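Colleague: When you get a sec, could you give me coordinates for this:
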Amino acid sequence: MMPPGVFAGTGMPDPGWWEALWPEPARVLAQLDIAPGMTVIDLCSGDGWFTLQIARIARAVIAIDIDGRLLETARMRLRDSGIANCHFVEGDAYDVARLFPAPADYIFLANVFHGVPDKARLSKAMHAALTRAGLLGIVNWYARPRERTTVLGEPRGPATELRIDPDGTRAAVEPYGFRLRKLVDVSPHHYGAVFARQD
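Modeller: Purely as a prediction, here's the structure:
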């Protein structure tokens, strides 16, 4: 059973499938402009697949997730890799600015935004959690029928009706203090949108 507050269609898959979908997480992060010296919030971080790679690049990473069991998996993943520059916080994504009150340079949100019921609320919260020059990176499934997004021979990802195209992501984010900086393909099934915070 998923904990209360988990966004629709955002559960963690089995590890083999996750690795097949994201075999080169460091390349994805480079495409999305995560750079050395940054303080990065990995929002809805799950089991830490991207958290570990962020921690290898950034000065510090804050992994926030509502599911404490997944955070414990992430904590073990980083500990086993000898990484110590990560802080783990259990909490609701809508409360990101309260959970990490010091503004971050970057917020990374992967495979989650499609399931957020109140995208305006989350966008406002992320704006409040960033520095004035902060960046927001969102990784989304392309708005293709689920039967066309196969991984290891099976349809994967959220239900077709939950998926958002890049224009939909822009429309959900930009009115709340962001401007699109770049849009890139990050997998055969995903795009990455990087937004710059605006006052």
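
Colleague: Please count neighbours and contacts with C-alpha atoms only from this point.
Modeller: Fine.

Colleague: Name the single longest helix found in this structure.
Modeller: Ranked by residue count, the top helix of the chain under DSSP state H comes out as helix 68-80.

Colleague: any weak-confidence spans in the protein?
Modeller: Along the chain, the parts satisfying pLDDT under 70 run over 1-16.

Colleague: quick one, helices of it?
Modeller: Using DSSP H, the helices of the chain run over residues 15-21, 25-31, 49-57, 68-80, 96-99, 119-128, 166-173.

Colleague: Including distance to D105, could the ones you listed go into CSV?
Modeller: Listed next are the helices of the chain as CSV, based on distance: least, C-alpha to C-alpha, whole Å:
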stretch, distance to D105
helix 15-21, 27
helix 25-31, 14
helix 49-57, 13
helix 68-80, 21
helix 96-99, 13
helix 119-128, 11
helix 166-173, 17
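
Colleague: So which of these is nearest G137?
Modeller: Among those, helix 25-31 comes nearest to G137, with 9.0 Å by C-alpha to C-alpha.

Colleague: And for that closest one, what's in contact with it?
Modeller: Counting contacts by C-alpha atoms under 8 Å, 6 or more residues apart in numbering, the residues outside helix 25-31 that touch it are 49-50, 53-54, 184, 186.

Colleague: Please give me every residue in contact with the residue nearest the centre of the chain.
Modeller: In the chain, the centroid-proximal residue (C-alpha atoms, centre = their mean) is L109; its distance is 1.7 Å. If a contact means C-alpha under 8 Å, 6+ apart, then L109 has 42-45, 136-139 as its contacts.

Colleague: Please convert the buried members of these into ChimeraX selection syntax.
Modeller: In ChimeraX, this line selects whichever of these come out buried by 16 or more other C-alpha atoms under 10 Å:
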select :42,43,44,45,136,137,138,139
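
Colleague: Pick the one among the contacts of L109 closest to V194.
Modeller: Each of the contacts of L109 was scored against V194 by C-alpha to C-alpha, and G137 proved nearest at 4.4 Å.
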